[in-house]
Each structure stands twice: as C-alpha cells, then as structure tokens.
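*Asks:* Okay, sequence plus prediction incoming.
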Amino acid sequence: MEAASRRPGWVNRAGRLLVLVCCLLSAAAVPNSAAGSEAASPPEIEVFVREGCPHCAAAKLFLNNLQQERPGLRIVIRDVAQDPAARARLNELGSLTGTRVSGVPVFHIRGELLVGFAGEDTTGRQLRTLLDQPSPSRAEPDSIDTRWFGRLSVQDLGLPAFTLALGLLDGFNPCSMWVLLFMLSMLATLQDRWKMLLIAGTFI
C-alpha cells in the first residue's frame with residue numbers, strides 16, 4: 001500500500017519535469033524559426049562586382065543613392081574576385097537565365113540578369129523600372145525534407161496525401177504530446193470517474 005501511494009507522486013513530478021523541459025525547448029525554438037525565415041528572405045537586388053572595375057564603382061555609387069531613396073530596399077553586393085561562392089552563384093544565374101556573362105557589374109533583379117552599367121539614365125532607369133514591377137509570386141513547394149521520413153514529394157505521395165502530410169507535420173506540437181502523456185499517466189492511477197473527466201476536460 002505504501003509503494004502504491006508513492007507512485008502517483010513520482011509520476012506527477014516526472015511528468016511535470018518533462019512538460020516543463022519540452023515547453024521551454026518549444027518556446028526557445030520559435031524565435032530561431034522566425035529569424036531563419038527573415039534570413040532566408042532574398043535580396044531585391046543582387047550585384048556582382050570586382051575590385052578595381054570603374055563601371056562597378058559607378059554602379060556602387062548609383063546603388064548607394066538608390067538605397068537612400070528607398071531605405072527598405074535589400075541590396076547584396078558580391079565580389080567575384082574575392083569570393084569563389086559569388087563566382088559560382090553568378091555562373092549558376094547565367095545558366096538559369098540563359099544570359100552570357102561577359103563582365104561585371106551584373107545585376108540580378110526580379111529573376112533577370114542585367115550585364116554592365118552604362119549610367120544612371122540607361123542601366124539605372126532599367127533597374128528602377130524592374131524594381132517598380134510587382135515581385136513574381138513564389139510557387140508552392142512540391143516537396144519537403146523531413147527528419148524522420150526523408151524527402152516527401154507530390155509525385156511520390158499524390159496531392160491529397162502530400163497535403164495531409166504537410167498538415168500533420170506543421171500541426172504537430174511536441175509540448176502538447178507530452179502534456180497528453182502526462183494526463184494519461186495521471187488518469188491511469190485514478191479510480192474516481194468524475195476526477196478522470198475533470199482532468200481530461202482540462203486538456204480538451
């Protein structure tokens with residue numbers, strides 16, 4: 001009888017500890033997820049330059065003025081001479097857009113590549129025109145990578161099953177799962193039906 005009376009207290013303490021740890025981990029993960037989504041936001045203008053290039057210097061001056069006119073404008077400048085990743089990125093964009101990159105500066109804006117900078121009245125005007133156009137809508141992903149199930153795609157699962165999988169993965173809350181397990185462990189030790197209904201009702 002004494003061992004049986006101690007068991008519920010042990011279950012309660014362990015359950016509370018698990019719930020607390022899980023909730024803290026879940027809460028700590030929320031800001032990181034938000035920061036990751038902000039960091040993943042692509043720049044509106046991606047510029048490839050080279051140190052010592054006079055046209056690149058003129059382009060930087062124009063972009064500096066443009067940034068002052070539009071403070072919220074996101075501009076990323078990459079030096080292809082100093083950054084191998086920038087060269088690889090430029091080659092990739094050239095292949096994707098079918099553009100022959102013969103020199104720098106090169107502007108990647110609204111899915112297009114503009115090679116060279118002739119001046120504010122020519123290339124600058126083109127850039128402003130592209131900026132004033134609405135951003136192309138992003139297509140919904142047709143596949144996702146999961147930790148436990150690997151890559152899930154529409155082609156493999158079909159649209160209904162893929163949509164269901166997205167909903168389940170997005171709606172899964174580990175903290176709620178631990179709370180449910182804790183509630184079940186408490187209900188297993190109770191003999192009073194009304195107390196069981198009361199505890200189960202608090203979870204619902």
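*Replies:* All right, it came through fine.
*Asks:* quick one, domains of this protein?
*Replies:* As given by automatic domain parsing, the domain ranges for the chain are 2-31+140-203, 45-132.
*Asks:* lowest-confidence stretch among those domains?
*Replies:* With a mean of 59, domain 2-31+140-203 has the lowest mean pLDDT of the domains of the chain.
*Asks:* Quick check, residue 113 in contact with residue 100.
*Replies:* No: contact criterion CB atoms under 8 Å: residue 113 and residue 100 do not qualify, at 9.5 Å. To be clear about C-beta, it is placed using only N, CA and C from the backbone, and glycine gets the same treatment.
*Asks:* Quickly list what's touching both of the two.
*Replies:* Counting by CB atoms under 8 Å, 6 or more residues apart in numbering, the common neighbours of residue 113 and residue 100 are residue 94.
*Asks:* out of the two, which sits in the busier spot?
*Replies:* Higher neighbour count among residue 113 and residue 100: residue 113, with 19 against 8, using other CB atoms under 10 Å.
*Asks:* ok but that one is inside a helix, no?
*Replies:* No: read with DSSP: H, G, I helix; E, B strand; the rest coil, residue 113 is strand and lies in no helix.
*Asks:* Next up, the contacts around the nearest residue to it once chain neighbours are set aside.
*Replies:* Spatially, and ignoring its direct neighbours in sequence, residue 113 is nearest to residue 99 (4.2 Å; CB to CB, 6 or more residues apart in numbering). Applying CB under 8 Å, 6+ apart, we find residue 99 in contact with 93, 113, 115.
*Asks:* where's residue 99 relative to residue 58, distance?
*Replies:* Using CB to CB, to the nearest Å, we find residue 99 at a distance of 21 Å from residue 58.
*Asks:* same check, this time on residue 68
*Replies:* From residue 68 over to residue 58 the distance is 16 Å, taken as CB to CB.
*Asks:* Looking at these two now, which is surrounded by more residues?
*Replies:* The residue with more neighbours, out of residue 68 and residue 58, is residue 58; 17 against 9, by other CB under 10 Å.
*Asks:* tell me which residues of the strand or helix carrying the more buried one are tucked away?
*Replies:* For residue 58, the host element (DSSP states H and E) is helix 54-69. Buried residues in helix 54-69, defined by neighbour count with 16 or more other CB atoms under 10 Å: 55, 56, 58, 59, 60, 62, 63, 66.
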